[in-house]
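**Q** Everything below, folded, please.
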Amino acid sequence: MDYMAEKNNKVYLMGEIVSEAVFSHEVYGEGFYELFVKVMRLSGQADIIPVTISERLIQGNDLKVGSEICALGQFRSYNKLENGKSRLMLTVFVREIVAEPPTKNPNSIVLSGYICKPPVYRTTPFNREIADLLIAVNRAYNKSDYIPCIAWGRNARFVQNLKVGDRVALSGRIQSREYQKKLNETESVSMTAYEVSVSKLAAFEAGENFDLDGEFDLYALPSENAGNYRNG
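**A** Sure, this is the predicted structure:
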């Protein structure tokens, strides 16, 4: 399957490898490994992003701790059983290692899919508008990836009016965020969440066609301050 022909889930990452590759699983005799990549933001903060990569790509490239990786792939989800409960896990599945960055933005993602939970709109104590949404992105062989996203400002106000089943296309970046999970009244544990920070988003009417190679081209992503629009 031609990766570049898959338009509904595209990721580009460029950053520093900060962990050793650890074996994850095997599919049809091909081993896959997990590692973490540090991607810098313009603000100077860093996102530490989980990456899954084939042993075949590891063997053909110098992917050791401290080296830089430029990769194209997809943002995927899977369920992992922890303490008897299913937890949604997210990873960038690498499809291709590239020698030169195709864009100046080291952290770019383009998705199209369907709203699968009612968006949650809220404001922070500083009156910043935020909306959480969960997007189901179709994959081959009747599979789907469930990608949590977060929208801000005008995008957040727009998102709160979307309904389950609405089709959307969006662009932005993958971010990591630490939070405290309360175990009981006296104990908590530090956790890391991964999500897409939305910079631009569009909704589409049922039956309407859309092309992500146009307005949502991976290599021509808009700035993070761009507003939203409704196509048509």
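**Q** need the contact list for M89.
**A** P50, S77, Y78, N79, K80 (Cβ atoms under 8 Å, 6 or more residues apart in numbering). The way it works is simple: take the backbone N, C-alpha and C, and place the C-beta from them, glycine included.
**Q** So the second one sits against Y146, correct?
**A** Yes - counting by Cβ atoms under 8 Å, S77 does reach Y146; the two are 4.8 Å apart.
**Q** ok, the contacts of M89 vs V98, which is closest?
**A** Closest to V98 out of these is P50 (19.5 Å), distances taken as Cβ to Cβ.
**Q** Give the burial count for the closest one, as a bare number.
**A** Neighbours of P50 under the rule other Cβ atoms under 10 Å: 18.
**Q** T186 now?
**A** The burial count for T186: 6, using other Cβ under 10 Å.
**Q** How about Y146?
**A** There are 17 residues near Y146, going by other Cβ under 10 Å.
**Q** what helix or strand does it sit in?
**A** strand 143-152 (DSSP states H and E).
**Q** Any regions of the protein where pLDDT drops low?
**A** Low-confidence segments of the chain (pLDDT under 70): 1-6, 205-232.
**Q** how does it look with 50?
**A** Applying pLDDT under 50 to the chain flags the ranges 1-5, 207, 213-232.
**Q** now the strands for the chain?
**A** 9-17, 22-27, 30-40, 46-54, 68-82, 85-97, 107-115, 120-123, 129-139, 143-152, 167-182, 188-204 (DSSP state E).
**Q** just the angle between the second one and strand 30-40, please?
**A** So that's strand 22-27. Per axes from the mean of the first three to the mean of the last three Cα atoms, to 10 degrees, the angle that strand 22-27 makes with strand 30-40 is 140 degrees.
**Q** returning to that earlier point: would you mark the buried spots in the strand holding Y146?
**A** Within strand 143-152, the residues that count as buried by 16 or more other Cβ atoms under 10 Å are D145, Y146, I147, P148, C149, I150, A151, W152.
**Q** Could you check the angle that strand makes with strand 68-82?
**A** Strand 143-152 and strand 68-82 are oriented at 110 degrees to each other (the same axes, to 10 degrees).
**Q** can you tell me which two in the contacts of M89 are farthest apart?
**A** P50 and N79 (14.9 Å).
**Q** hmm, back to that, other SSEs contacting the strand holding Y146?
**A** For strand 143-152, the packing partners by 3 or more Cβ pairs under 8 Å, 6 or more residues apart in numbering; DSSP states H and E come out as strand 68-82, strand 85-97, strand 107-115, strand 129-139, strand 188-204.
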